[in-house]
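Peer 1: Give me coordinates for this.
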Amino acid sequence: MKSENKKNEIINVEVIFKSKFLNLFKVIYKTYLGNEKYWIVASRKTIDSYKKLIFEKDNYASDAVVIVGYDDVEDRLLLIEEFRIPINDYIISLPAGLVDSGEDIEKAARRELFEETGLELYDIDWERSSKQTYPTVGMSDESISMLFGSVRGGLSEKNQEESENIKPFFVTRDEAKKLLMEKHNFDTKAWLVLRSFADGNML
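Peer 2: A predicted model of the protein is given here:
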C-alpha cells in the first residue's frame with residue numbers, strides 16, 4: 001500500500017510552543033522532488049517522544065480513549081453534550097479523555113466514563129474496538145482507541161472537573177434519527193456512530 005516512489009523525508013523538528021497537554025512542533029521535511037518545506041504539528045507528546053515516534057518508529061500507546069457506550073437493557077446509545085472552547089459552543093460527542101501515565105486503554109476508558117457520566121463500563125467488545133487510529137492527522141499525531149462496550153448505572157455529573165461542562169444522555173434509535181435531522185454541532189466520531197445506530201446496526 002505504501003508508495004516508495006514518492007517518499008518525503010523529515011529532516012528536523014523544532015519546538016514552537018509547549019504546555020502541559022499540548023505542544024506545537026515545526027516539522028521540516030524534504031519532498032520527493034528535493035524541495036524543503038515544513039508542517040506545523042500539534043502533539044500530546046514531548047519533543048523527545050515525538051522524535052522517537054517519527055525517526056525511530058517507536059510504538060506508543062494511544063493518547064486518548066473514546067467510549068461507545070450501549071445500554072443493552074433498553075437498546076440505547078450513550079452520548080454527551082459538551083461545551084468546547086475551540087468552537088465556543090456545545091457539541092454532541094462521545095465520552096472520551098486522555099490516557100494517564102501508567103494506564104492502559106481499558107483503565108482509562110473506565111475512569112473517563114465514570115468521571116463524565118457516572119456510569120460503569122463493562123463487557124467491552126474487543127473485536128469491534130479499535131486499538132489505535134488517527135482522527136486529525138492533517139494537523140496532529142494524536143491517536144485514539146475507540147472502545148465499544150455496555151454501560152450501567154445512573155447518569156451523574158458530580159464527578160466532572162471544573163473545566164468540564166458535560167451533560168450525558170441516552171438516545172433510542174428513533175431519537176437518534178431525529179437528532180441527526182436537527183441542527184447541532186457533532187463530533188465526527190459521534191456522528192458516524194449515531195448514524196450507524198439510527199440505521200439499525202447493532203452496537
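
Peer 1: From residue 178, how far off is residue 146?
Peer 2: Separation of residue 146 from residue 178 (Cβ to Cβ, to the nearest Å) stands at 24 Å. Where you see a C-beta, it was placed from the backbone N, CA and C, and this is true even at glycine.

Peer 1: Just want to know which of those two has more residues nearby.
Peer 2: Comparing residue 146 with residue 178 by other Cβ atoms under 10 Å, the one with more neighbours is residue 146, at 23 against 11.

Peer 1: so what's that one up against?
Peer 2: Listed by Cβ atoms under 8 Å, 6 or more residues apart in numbering, the contact partners of residue 146 are 65-68, 129-130, 133, 189.

Peer 1: need those in TSV with secondary structure, can you?
Peer 2: Output for these, formatted as TSV (DSSP: H, G, I helix; E, B strand; the rest coil):
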residue	secondary structure
65	strand
66	strand
67	strand
68	strand
129	coil
130	coil
133	strand
189	helix
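
Peer 1: Just name the shakiest helix or strand of the protein by mean pLDDT.
Peer 2: helix 47-55 (a mean of 92; mean pLDDT, DSSP states H and E).

Peer 1: Just give me how far that helix sits from the chain centre.
Peer 2: 21 Å (Cα atoms, centre = their mean, to the nearest Å).

Peer 1: same question, stretch 181-197
Peer 2: 14 Å.

Peer 1: can you give me the end-to-end distance of that stretch?
Peer 2: Distance across stretch 181-197, first residue to last, is 14 Å (Cα to Cα, to the nearest Å).

Peer 1: Of the contacts of residue 146, just the buried ones, ChimeraX syntax please.
Peer 2: Here is the ChimeraX selection string for the buried members of those, based on 16 or more other Cβ atoms under 10 Å:
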select :65,66,67,68,129,189
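
Peer 1: Between which two of the contacts of residue 146 is the distance greatest?
Peer 2: 67 and 133 (14.2 Å; Cβ to Cβ).

Peer 1: same for the least confident helix or strand of the chain, what does it pack against?
Peer 2: In terms of contacts (3 or more Cβ pairs under 8 Å, 6 or more residues apart in numbering; DSSP states H and E), helix 47-55 is packed against strand 9-18, strand 23-30.

Peer 1: Can you list the neighbours in contact with that helix?
Peer 2: 10, 13, 15, 18, 23, 25, 27, 41, 43, 45, 58, 60, 141.

Peer 1: which SS state does residue 131 fall under?
Peer 2: Residue 131 is classified as coil under three-state DSSP.

Peer 1: Provide a list of residues in contact with it.
Peer 2: Contacts of residue 131 by Cβ under 8 Å, 6+ apart are 62, 145.

Peer 1: Quick check: it vs residue 56, distance?
Peer 2: In terms of Cβ to Cβ, residue 131 sits 20 Å off from residue 56.
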